[in-house]
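>>> 3D, please:
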Amino acid sequence: MPEHIIEYVARDRTGITAVITETGVIDVDTVIRNIHSGHSGYFVRAGDWRRAPVRSLSVLGSAYLFANWDGSKRNNLHDVAFPAPTRSVRTVRPRGRFGFLSALFGITAR
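Purely as a prediction, here's the structure:
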């Protein structure tokens, strides 16, 4: 049985959507099918020398991927997710007596 090391996971608001292994990107449905059929094994690095197995759990008729290496009840697989892109936004606080109106109409104070 081939074994794949998951390096990262991609997720959205619904959960994990794909896994990134050393061989490429695999969608989550394929990973779940491979685990259920025994075709492939998936693991996550849980340290320098340890690996944690990735399991497929079924809840309310839908399956999801789960890995736990720290003994907690949470899904540690989310710890290897790509960080969400962020950007800084400069905020300006209007001042003065008519600050709200000047901010609304784009008038700047001199």
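
>>> so residue 53 touches residue 66, yeah?
No: contact criterion Cβ atoms under 8 Å: residue 53 and residue 66 do not qualify, at 9.6 Å. For glycine as for every other residue, the C-beta is placed from the backbone atoms N, C-alpha and C.

>>> for stretch 24-40, the distance to its chain's centre please.
Taking Cα atoms, centre = their mean, to the nearest Å, one finds stretch 24-40 lying 18 Å from the centre of the chain it belongs to.

>>> swap in stretch 39-58?
16 Å.

>>> in it, what's buried?
40, 42, 43, 44, 46, 51, 52, 54, 56 (16 or more other Cβ atoms under 10 Å).

>>> contacting residues around the third one?
Translated: residue 43. Contact analysis of residue 43 by Cβ atoms under 8 Å, 6 or more residues apart in numbering lists 3, 4, 5, 6, 51, 52, 53, 54.

>>> Please identify which helix or strand holds it.
For residue 43, the host element (DSSP states H and E) is strand 41-45.

>>> Please convert the buried residues of stretch 39-58 to a markdown table, extending it with pLDDT and distance to residue 32.
As requested, these are exported to a markdown table (pLDDT from 0 to 100; distance: Cβ to Cβ, whole Å):
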| residue | pLDDT | distance to residue 32 |
| --- | --- | --- |
| 40 | 85 | 11 |
| 42 | 90 | 10 |
| 43 | 88 | 15 |
| 44 | 87 | 15 |
| 46 | 73 | 21 |
| 51 | 82 | 19 |
| 52 | 84 | 17 |
| 54 | 88 | 10 |
| 56 | 87 | 5 |
